[in-house]
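Undergrad: Please work out how this folds:
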Amino acid sequence: MSKHDQQPDEPRRGLRGRFGTGSVRTRNVIAATGILAIGVTATGFAATGSPLLQGKRNGTTSAETEIIANINSTNGPTGGYSTRQSNLSSTGGGAVYGCRSTAGGSAAIPPTNPCLRANNLSTGYAFEFNASNGLTAGLITVGKGGDATKPFTTNATGVATGLNADRVDGKNATDFLGATEKATDSAKLGGQEPAAFAQAGDFLFAAVDATGKVTASRGGTATAAVTPATTTATVTFTKDVSKCSFTATPNTATATSGLSLAVSSVTADGKQVRVDEAGTPTPAVLVPFHLQVIC
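TA: Numbering: from 1, shown residues only. As a prediction, this is how the structure comes out:
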């Protein structure tokens with residue numbers, strides 16, 4: 001049988017059939033090249049898509065590892081989260097996130113992302129912290145602490161429900177007052193209501209007779225203390241008039257050309273005004289007078 005009479009299923013197969021049998025070196029080089037190609041492919045897969053290694057440190061990546069899910073919330077103890085990390089040990093430790101970010105945060109230009117960020121793109125909560133049985137939910141420490149550091153900042157100015165800023169160590173601000181101090185009330189001055197002070201535009205007066213009786217008044221008391229020997233009268237008003245102006249004029253038909261009346265505020269509360277009468281001849285008794293107070 002000649003070579004032209006061979007059947008189609010008789011050609012040599014494999015490497016020997018394709019490259020012949022004359023060179024063992026050629027066959028070995030080809031085989032080694034195939035093994036190397038397989039190894040390179042396996043190495044490339046491990047660097048970009050290998051599974052997580054339990055109990056070991058996984059390799060450092062230069063790209064984000066994204067875990068995307070579409071899971072609805074549930075009422076059960078599990079479900080509704082893309083991932084769940086838990087530690088059954090009584091010494092705790094569900095997860096730790098560390099980074100080396102500098103100051104500024106993700107809003108900085110360029111951004112310096114925080115070690116942990118929860119970003120809700122809808123209208124619900126961005127985070128929840130729950131200490132099921134503990135008395136303290138957590139701890140925030142900043143550097144060495146002190147007045148120069150802040151636990152956090154916010155652009156929200158509403159009242160934080162349940163956050164009691166009126167108490168320190170469970171005590172009200174009034175519990176820290178000294179023995180002689182009074183509680184501060186922005187509606188009061190020195191503990192007095194605004195009505196206790198004469199206001200701008202107030203006009204007060206008192207008509208005092210020779211016995212020291214106030215016969216007519218506006219803002220004055222019914223009587224005035226009189227010292228006959230010095231012909232001095234003191235009129236008490238219901239308001240502080242120490243910052244007002246005073247004018248006293250004789251109220252008598254008798255000639256008083258030599259009489260002078262000196263008026264002054266004499267008490268710490270500013271409510272009393274003293275009128276001293278003097279002149280030539282010196283009056284033997286108090287001369288009736290009108291006292292005007294203008295504020």
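
Undergrad: Just the element for Thr236, please.
TA: strand 232-237 (DSSP states H and E).

Undergrad: Using PDB, list the CA coordinates for that strand.
TA: Coordinates of each C-alpha in strand 232-237 appear next as PDB, following Å, rounded to 0.1, in the frame of the first residue of the first chain:
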ATOM      1  CA  THR A 232     -36.100 117.100 106.300                       C
ATOM      2  CA  ALA A 233     -38.700 114.900 104.600                       C
ATOM      3  CA  THR A 234     -38.200 111.500 103.000                       C
ATOM      4  CA  VAL A 235     -40.700 110.300 100.300                       C
ATOM      5  CA  THR A 236     -40.800 106.600  99.400                       C
ATOM      6  CA  PHE A 237     -41.800 105.600  95.900                       C
END
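
Undergrad: Show me what the mean pLDDT comes to for the next helix or strand after that strand.
TA: Using DSSP H and E, the next helix or strand after strand 232-237 towards the C-terminus is strand 245-250. Strand 245-250 carries an average pLDDT of 87.

Undergrad: Can you tell me what sits against strand 245-250?
TA: Residues outside strand 245-250 that contact it (CB atoms under 8 Å, 6 or more residues apart in numbering) are 256, 259, 261, 263-265, 273, 275, 287-295. C-beta here means a position set from N, CA and C on the backbone, and glycine is covered the same way.

Undergrad: And the helices in this structure, which stretches?
TA: Counting by DSSP state H, the chain has helices at residues 14-19, 24-49.

Undergrad: thinking again about what came up before, direction included, what does the strand holding Thr236 pair against?
TA: Strand 232-237 has the following strand partners under DSSP bridges: strand 220-227 (antiparallel), strand 272-279 (antiparallel).

Undergrad: when you compare where it runs with where strand 245-250 runs, what's the angle?
TA: 130 degrees (axes from the mean of the first three to the mean of the last three CA atoms, to 10 degrees).

Undergrad: quick one: average pLDDT of strand 232-237?
TA: Rounded mean pLDDT across strand 232-237 is 84.

Undergrad: Any buried residues in that strand, and which?
TA: Across strand 232-237, burial judged by 16 or more other CB atoms under 10 Å covers 232-237.

Undergrad: try stretch 209-217
TA: Neighbour-count burial for stretch 209-217 flags 209-210, 212, 214, 217 (criterion: 16+ other CB under 10 Å).

Undergrad: again with stretch 239-249
TA: Buried residues in stretch 239-249 (16+ other CB under 10 Å): 239-242, 244, 246, 248.

Undergrad: Next: stretch 142-161.
TA: So for stretch 142-161, nothing qualifies as buried (16+ other CB under 10 Å).

Undergrad: Show me what that stretch is in contact with.
TA: Taking CB under 8 Å, 6+ apart as the rule, stretch 142-161 contacts Ile140.

Undergrad: Need the max-distance pair from the buried residues of stretch 239-249.
TA: Maximum pairwise distance in the buried residues of stretch 239-249, criterion CB to CB, is 18.9 Å, between Asp240 and Ala248.

Undergrad: Would you map the strands across this protein?
TA: Counting by DSSP state E, the chain has strands at residues 167-168, 171-172, 203-208, 214-218, 220-227, 232-237, 245-250, 259-265, 272-279, 289-294.

Undergrad: Can you flag the weakest of those by average pLDDT?
TA: Looking at those, the weakest mean confidence is strand 220-227, a mean of 61.

Undergrad: So what's the residue count around Ile68?
TA: Ile68: 5 surrounding residues under other CB atoms under 10 Å.

Undergrad: Check the gap between it and Cys115 for me.
TA: In this structure, Ile68 and Cys115 are 21 Å apart, going by CB to CB, to the nearest Å.

Undergrad: Poorly predicted segments of this protein, please.
TA: Along the chain, segments meeting pLDDT under 70 span 1-49, 165-170, 173-174, 176-201, 220-230, 255, 266, 280-284.
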